[in-house]
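A.B. asks: could you work out the structure for the sequence below:
(2 chains)
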Amino acid sequence: MRLFITLVAAVLCILCINVFADPVFPSHIAGTFGHSSREPKYKIEFHTEDSPYHPDDGQESVVMPNKDGNKFLCFLPKVGKAKKPVTHQNTSSMIVETEKRVKLKTPDELLEQEGWWSYEFCYQKQLRQLHLEEDKVVQEFVLGVYDEEATAAVNQNLSDISTLKDPRSKDASQRYHAHQYTNGTACDLTNQPRETEVRFVCSEPRAMISSITELSTCKYALTIQCPMLCKHPLFQEERPVWHTINCNILPKDYKDTKITFFINKDNNSRI
Amino acid sequence: MQVDMAKSDWVNDKCKRGKNEAPLSLSLSLSLSLFLFQSLEWISRFDRLLISCDFFSPPKSQVFFYLFPQQIQCSDKSSLFPTHTYIIIIIMSRSSCHLFLFLFLLLFSLFPFPLLARPFVLVLSQDDLKDVQNDDASPLDSDSSWDDDDFGGTHVKPDDELDPGSWRRLFEPPTTLLSPSHDTSLDSYYAAVQKIISASNNGDARLMEEAAAEIETAANADGDPHARSVLGFLYGMGMMRERNKAKAFLNHYFAAEGGNAQSKMALAYTYSRQDMHEKAVKLYAELAETAVNSFLISKDSPVIEPIRIHNGAEENKEALKKSRGEDDEDFQILEYQAQKGNAGAMYKMGLFYYFGLRGLRRDHSKALMWFLKAVDKGEPRSLELLGEIYARGAGIERNYTKALEWLSLASEHGLYSAYNGMGYLHVKGYGVEKNYTKAKEYFDKAADNEDAGGHYNLGVMYLKGIGVKRDVKIACKCFIVAANAGQPKAFYQLAKMFHTGVGLKKNLPMATALYKLVAERGPWSSLSRWALESYLKGDMGKAFLLYSRMAELGYEIAQSNAAWILDKYGERSMCMGESGACTDAERHQRAHSLWWQASEQGNEHAALLIGDAYYYGRGTVRDYERAAEAYKHAKSQSNAQAMFNLGYMHEHGQGLPFDLHLAKRYYDQALELDPAAKLPVTLALASLWVRKNYADSFLVHIIDSLPEVYPRVEEWVENVIMEEGNATILTLFVCLLTVLYLRERQRRHAIAAAGAHEPNEHVVPAAR
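C.D. replies: Numbers count the residues shown, from 1 in each chain, chains lettered A, B, ... in the order given. Have a look, this model is predicted:
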């Protein structure tokens, strides 16, 4: 029976559209960048005199002169609030919604190579560990077949979103939504079928398998970056925030001292 | 994926891969000493299991600079040789663990492992090598950015001009008194920076506050870009101002617009961290060009990398020793030899002064003096440098005719890199008539003799079609060869190719990374020299400030150094927080963020140290799970120690599920990656075996109690056995025993031999 399921799943997988993620860039250099994706990012935008930027209440501003003697009034972004605690009011609907988002934009099949092994992930079907030689499968292990019941059970226990501790700082964590894949190829060491937890995290810019780790013998965790998930309200805060500094050019004859004074006063009165 | 030079059929035969390998004997001794060092590190890291002693940290640091394979060798070579001194130190040190170490070392040296430094070569995928049509109507010709100056080194401006607002005059006061500048804003800027520096030296919060206020006024009232750059630094670090990334960004943006090169570096680094490659590449290209123009014409300048002051968790004593400048004993010996008329020493003196090596200040006139003296003594290597000096007009009036004379002389003495200078003069028509054919001949000669500069120059000729038919493919090939030999100029050209998509497939992240490498060698890298000088003088505060500034500019080594100073020296680092001296929390937060940045840039040790901080609860709450995550990060960067730690955590179920199979796998992986891990891994595997087969038995409890027992044993050994007198007696006793044993063995041997010769007499000695 198990064989049958595996076969069916395999056939299904072959039927999947072959959307391969780009291969990981082989060089070390490219890999050294882009790890900071979850820190806030900054950019600066300049506005013309005709269509100046209109600041919100209480936005801090600074006057910046540039080398040509022009002056700019730059509005700093408001400091981001701390992560709000997630409320699980409507968990079941949330789950459904999360699933939809995951489903929507994850390519049905992902293939990622890590050293000797390649990993093939078919959404809600199965996960395989392959060794390819000239595009032929030489060796293969099924790391798990999608298990709807187990997934539902785990998600019920933990609510729909779990968190992973992030060593970046002592209170950082990363949220993920998990699917359980069970009943894979039997493991020599434990005589149990292999199983895997597939974790979907919000990460841009493209869908890809970001890591595979062995939690304990023959129990794996596969992390999949899923840009679509970032649209979900629960995951939105996971996305790196873009802070924009808006600068309005000031007419040459403006006296900067007055402006700062005026604005400070303005702010104070509003506060 | 990797391009195999030999297999590519279209390789121009001039661009054969340079021979990087050292001669066999050398590489053998290298690998042996490297091995010894690594085993030492393993043993010292082994404290996690048994012994708590931190002592060794081998010079393994340079590997992060993977794009300069040859220089890795060069810079590591010198630090690897004095293995013996280390062994002696072990014996001399009065601490128990070093005795253990020595025994382990002996044990270890019995296993001959093949060990090679990890190779790091620029890897280009086949996709990157775009098929380029070699038609002459390529857009490249109209692109003015590929100007004739790619041969480098023509317009040599003083560093101050390339790096305006540099703190140079505060650290290297000009010998000739500057005419008091008519620029009052500049004066007040320097006065304020001086205050910042001295405040950070004494930890004077009040002075710092004053300086910060002055900087702010200068930036806002006078619009001084340099003051603005410093203001950005204060906001970025959270020094005397509330840490505010947005304000830091804004200030650096305007300072960069105003022409401050350091802010450009900082901004470019921020852009690249934010994956804004379009903007990053533009800034880095500009900075890299500035850097390239300050490079030499013929020879590649020796490695003047910023020094990593630590190795893992320990001070990098070897590297530091070599950076003490005129205070270094070796240097004084050299100077003495040179004064006594040793030509080789004279040449070295000249070299040190010319490039500012070994922590010396650059001094062109001293360099010239020593080179001239060396030439008088018939030292040929100085000829080339003299040619270089005359061609550049470094510390002397430029004279191309003389330069050519010196260079020709040098080339006659078999110094092939001199051909580059000669070719350069012919390309430019300096001192001779322009002659591309001749120039190419010279470059060919240099390239034929495995000179990276030759390959580079040929590349430029092919790229532009100077004297040859334009061929971007060959040019690219030549640049790759030169780059793999560590020519920074070649990195610049490759970066340009990735940037423009000419010759290589457009790849902005790659271009950014390569430009960054080159840009970091620009004049602003002097910060590192001053930081190191301050460090060696014991001015931790100053060193920390300077490394922090460099860290902001994106130097990985500076990030690590600053973080390490914070970790190691704590309050003595004179770290300045938002209001006065840093609180513990601020210090930890800053070190943590610096380590992360270093880790992002590929420092595998950084993630390991972050993991250690969580594991031991240093500066933060103990958190095994976060430690495990950090170790996993380090593991993904191929750090063997992190693998070992993960194995240990699996074995003990700390932060990770208790899982002996996985523990074993991690231990095995650690060994596979780093053969020097043999001993700790063997012991760990033995403990695993016991744990598996005799679960919950007496032995397991013993093993588990070891980490607690060992410090006590060590203390006892340290206090009782290693007491001055006792140690001596003990050593003598051990020697005595050894001698007795050896004599006994010798005697038996003699008897056996005697017995073999005269079998009948063997009863006699027995009876005696």
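
A.B. asks: after the helix or strand of chain A with the lowest mean pLDDT comes which helix or strand?
C.D. replies: Ranked by mean pLDDT, DSSP states H and E, the weakest helix or strand in chain A is helix A:28-32, scoring a mean of 30. As assigned by DSSP states H and E, the chain's next helix or strand after helix A:28-32 is strand A:41-47.

A.B. asks: secondary structure element for residue A:111?
C.D. replies: Going by DSSP H and E, residue A:111 is part of strand A:109-114.

A.B. asks: and the next helix or strand past that strand?
C.D. replies: In N-to-C order, the element after strand A:109-114 by DSSP H and E is strand A:117-122.

A.B. asks: pairing partners for the helix or strand just after that next one, with directions?
C.D. replies: Counting by DSSP H and E, the next helix or strand C-terminal to strand A:117-122 is strand A:126-133. When pairing is defined by DSSP bridges, strand A:126-133 lines up against strand A:117-122 (antiparallel), strand A:136-146 (antiparallel).

A.B. asks: now the strand holding residue A:111: average pLDDT?
C.D. replies: Mean per-residue pLDDT for strand A:109-114: 70.

A.B. asks: still on that earlier bit, and the strands paired with strand A:126-133, which is most packed in?
C.D. replies: Scoring those by mean neighbour count under mean count of other CB atoms under 10 Å in any protein chain shown gives strand A:117-122 as the most buried, with a mean of 20. For glycine as for every other residue, the C-beta is placed from the backbone atoms N, C-alpha and C.

A.B. asks: please put the alpha-carbon coordinates of it into PDB.
C.D. replies: Extracted as PDB, the C-alpha positions of strand A:117-122 are listed here (Å, rounded to 0.1, in the frame of the first residue of the first chain):
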ATOM      1  CA  TRP A 117      21.900  15.500  -2.700                       C
ATOM      2  CA  SER A 118      19.200  17.300  -4.600                       C
ATOM      3  CA  TYR A 119      15.900  17.900  -2.900                       C
ATOM      4  CA  GLU A 120      12.600  17.800  -4.900                       C
ATOM      5  CA  PHE A 121       9.600  19.200  -3.200                       C
ATOM      6  CA  CYS A 122       6.100  18.700  -4.600                       C
END
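
A.B. asks: residues from the stretch 51-200 of chain A in reach of chain B?
C.D. replies: By CB under 8 Å from any CB of the partner chain, the part of the stretch 51-200 of chain A that sits against chain B consists of A:62-67, A:74, A:76-77, A:164-170, A:189-190.

A.B. asks: so where do the strands sit in the chain?
C.D. replies: All of this is about chain A. Assigned by DSSP state E, chain A shows strands spanning A:41-47, A:61-65, A:71-75, A:109-114, A:117-122, A:126-133, A:136-146, A:162-165, A:173-182, A:195-201, A:208-216, A:219-225, A:242-250.

A.B. asks: correction: the question concerned chain B.
C.D. replies: B:310-311, B:314-315.

A.B. asks: out of the ones you listed, nearest to residue B:440?
C.D. replies: Closest approach to residue B:440 among those is made by strand B:310-311 (45.1 Å; CB to CB).

A.B. asks: which strands border the closest one, and is each parallel or antiparallel?
C.D. replies: Applying DSSP bridges, strand B:310-311 is found paired with strand B:314-315 (antiparallel).

A.B. asks: distance between the partner strand and the chain's centre?
C.D. replies: 14 Å (CA atoms, centre = their mean, to the nearest Å).

A.B. asks: mind listing what's buried along stretch A:212-228?
C.D. replies: Neighbour-count burial for stretch A:212-228, counted by 16 or more other CB atoms under 10 Å in any protein chain shown, picks out A:212, A:214, A:216-228.

A.B. asks: residue A:235 against residue A:229, yeah?
C.D. replies: Yes. Counting by CB atoms under 8 Å, residue A:235 touches residue A:229, with 5.0 Å between them.

A.B. asks: report the set of residues contacting both of these two.
C.D. replies: A:177, A:201-202 (CB atoms under 8 Å, 6 or more residues apart in numbering or on different chains).

A.B. asks: which of those residues are buried? Put it as a ChimeraX command.
C.D. replies: Burial among these is assessed by 16+ other CB under 10 Å; the matching ChimeraX selection reads:
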select /A:177,201,202
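
A.B. asks: can you redo the shared contacts of residue A:235 and residue A:229 as TSV with pLDDT and distance to residue B:241?
C.D. replies: Below are these laid out as TSV (pLDDT from 0 to 100; distance: CB to CB, whole Å):
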residue	pLDDT	distance to residue B:241
A:177	81	40
A:201	81	34
A:202	79	33
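
A.B. asks: out of the shared contacts of residue A:235 and residue A:229, flag the one nearest to chain B.
C.D. replies: Checking the shared contacts of residue A:235 and residue A:229 against chain B with CB to the nearest CB, the nearest one is residue A:201 at 13.6 Å.

A.B. asks: residues contacting that closest one?
C.D. replies: By CB under 8 Å, 6+ apart, residue A:201 lies in contact with A:174-176, A:210, A:223-226, A:229, A:235, A:238.

A.B. asks: residue B:278 too?
C.D. replies: Under the criterion of CB under 8 Å, 6+ apart, the neighbours of residue B:278 are residue B:508.

A.B. asks: please report phi then psi for residue B:363.
C.D. replies: The phi and psi torsions at residue B:363 (degrees, to the nearest 10) take the values phi -150, psi 100.

A.B. asks: pretty sure it is touching residue B:353, no?
C.D. replies: Yes. Counting by CB under 8 Å, residue B:353 is a contact partner of residue B:363 at 4.5 Å.

A.B. asks: and the closest residue to residue B:306 other than its chain neighbours, how far is that from residue B:556?
C.D. replies: Once flanking residues are discounted, residue B:306 sits nearest to residue B:528: 3.6 Å by CB to CB, 6 or more residues apart in numbering or on different chains. Per CB to CB, to the nearest Å, residue B:528 is found 12 Å from residue B:556.

A.B. asks: do residue A:55 as well
C.D. replies: Taking CB to CB, one finds residue A:55 at 38 Å from residue B:556.

A.B. asks: which one of those two is surrounded by more residues?
C.D. replies: residue B:556 (24 against 17; other CB atoms under 10 Å in any protein chain shown).

A.B. asks: residue contacts, that one?
C.D. replies: Taking CB under 8 Å, 6+ apart, one finds B:64, B:597-598, B:601-603 in contact with residue B:556.
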